[in-house]
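Q: Starting from these lines, generate the structure:
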Amino acid sequence: MTLPKLVFDHIAIIARTLDEGASYVSEHLGIDMPIGGEHPFMGTHNLLLSLGDMEFLEVIAIDPDGPQPDRPRWFNLDRFDGTPKIGAWIVGSRDITADFSKKHGEIINMTRGDLKWQITVRNDGRLVSNGAFPQLIQWPDDIHPASRMEKRGCTLKSFEITHPDAVEISNFLDVTFNDERIKIAEGQPAFKAVFETPTGAKTLS
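A: Take a look at the predicted model:
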C-alpha cells in the first residue's frame, strides 16, 4: 500500500487578536477554543482545537506581549486588519524537503513550548495564492500534537477551496492526496469549511 505523500493537517484562522478569533469560532461553531501557546520566533500565539488524532483547527494572531520578530510574521499577520477568517490550510508531509515547492518560500524550524516542527513560510510572510496553495508541515515522528489537544466533539466534515490557481494546487497535491472531504475548484478565492459539532453541522469561511 502506497501512503499519500501529503495529508490534511489543519486549518488556520487568522485574527487581529485571539479574543476576536475565539468569538468568531464561538459564534459560528458554538465551541470555545482552548488555549494553545506562543511562538517566540514569530511573535504570535494561538488557540488550538483537536479535530481528531492527526488534525486540528487553529486561531492565530500577533502576540501583543511577545517579542518583535526580525522578519515578517507568518500568515501575513503584519498586514492583516479585518474580521477573523480562514487564512490558510496546511498539509502534513513525511519529507518536507522532498515535497517542498519553490512557491513555498523556505522551510523554517519552529517551536511552541517543548514542541518542535518544520513548516514552509514565505520570506515576506505573505500567503501563497491567498492561502489556497497549502503550506507544508512536518511534525516529529513519535506523536502528532493534535492527539494532545483538547477535544470538544468537533470534526471536519468538508473543506472547499476555490481559486484561479486550482489546477496548479491540485497538481501539487498529486493523486496520492485522496481526502474526499477536500474539494478544490477554479473560481474566486474563497474557503468554506463545514464541521460536525455537538449541535449539528456548522460552517466557517
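
Q: And the helices in this structure, which stretches?
A: 18-29, 96-99, 166-173 (DSSP state H).

Q: Dump those helices into a markdown table; add distance to K202 as well.
A: Every residue, glycine included, has its C-beta placed from N, CA and C. What follows is the helices of the chain, written out as a markdown table (distance: least, C-beta to C-beta, whole Å):
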| stretch | distance to K202 |
| --- | --- |
| helix 18-29 | 5 |
| helix 96-99 | 32 |
| helix 166-173 | 25 |
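
Q: just these: most buried one?
A: The highest average neighbour count among the helices of the chain, using mean count of other C-beta atoms under 10 Å, belongs to helix 18-29 at a mean of 18.

Q: Show me what that one packs onto, helices and strands only.
A: strand 6-14, strand 44-52, strand 55-62, strand 200-204 (3 or more C-beta pairs under 8 Å, 6 or more residues apart in numbering; DSSP states H and E).

Q: Compute the inter-axis angle for the shortest one and helix 18-29.
A: If I follow you right, that is strand 200-204. Strand 200-204 and helix 18-29 are oriented at 140 degrees to each other (axes from the mean of the first three to the mean of the last three C-alpha atoms, to 10 degrees).

Q: Sheet partners, orientation included, of strand 200-204?
A: Sheet pairing of strand 200-204 (DSSP bridges) gives strand 190-197 (antiparallel).

Q: May I see the buried residues of the partner strand?
A: Of the residues in strand 190-197, F191, A193, V194, F195, T197 count as buried by neighbour count, 16 or more other C-beta atoms under 10 Å.

Q: try stretch 73-91
A: 73-78, 80, 84, 86-91.

Q: returning to what we had before: could I get the buried residues of strand 190-197 as a markdown table with distance to I143 and pLDDT?
A: Shown next, in a markdown table, are these (distance: C-beta to C-beta, whole Å; pLDDT from 0 to 100):
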| residue | distance to I143 | pLDDT |
| --- | --- | --- |
| F191 | 28 | 98 |
| A193 | 25 | 98 |
| V194 | 28 | 98 |
| F195 | 24 | 98 |
| T197 | 26 | 98 |
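
Q: Quick check: the farthest pair among these?
A: F191 and T197 (17.8 Å; C-beta to C-beta).

Q: What number of residues are in the vicinity of A15?
A: For A15, the neighbour count with other C-beta atoms under 10 Å is 27.

Q: got CSV for the helices and strands packed on helix 18-29, with distance to R148 and mean neighbour count too?
A: Below are those laid out as CSV (distance: least, C-beta to C-beta, whole Å; neighbours: other C-beta atoms under 10 Å):
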stretch, distance to R148, mean neighbour count
strand 6-14, 14, 22
strand 44-52, 8, 21
strand 55-62, 10, 24
strand 200-204, 23, 14
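
Q: Ends of stretch 162-170, what's the gap?
A: Stretch 162-170 has an end-to-end distance of 11 Å (criterion: C-alpha to C-alpha, to the nearest Å).

Q: Check the offset of that stretch from the chain's centre.
A: 18 Å (C-alpha atoms, centre = their mean, to the nearest Å).

Q: how far away is W74 from G52?
A: 24 Å (C-beta to C-beta, to the nearest Å).
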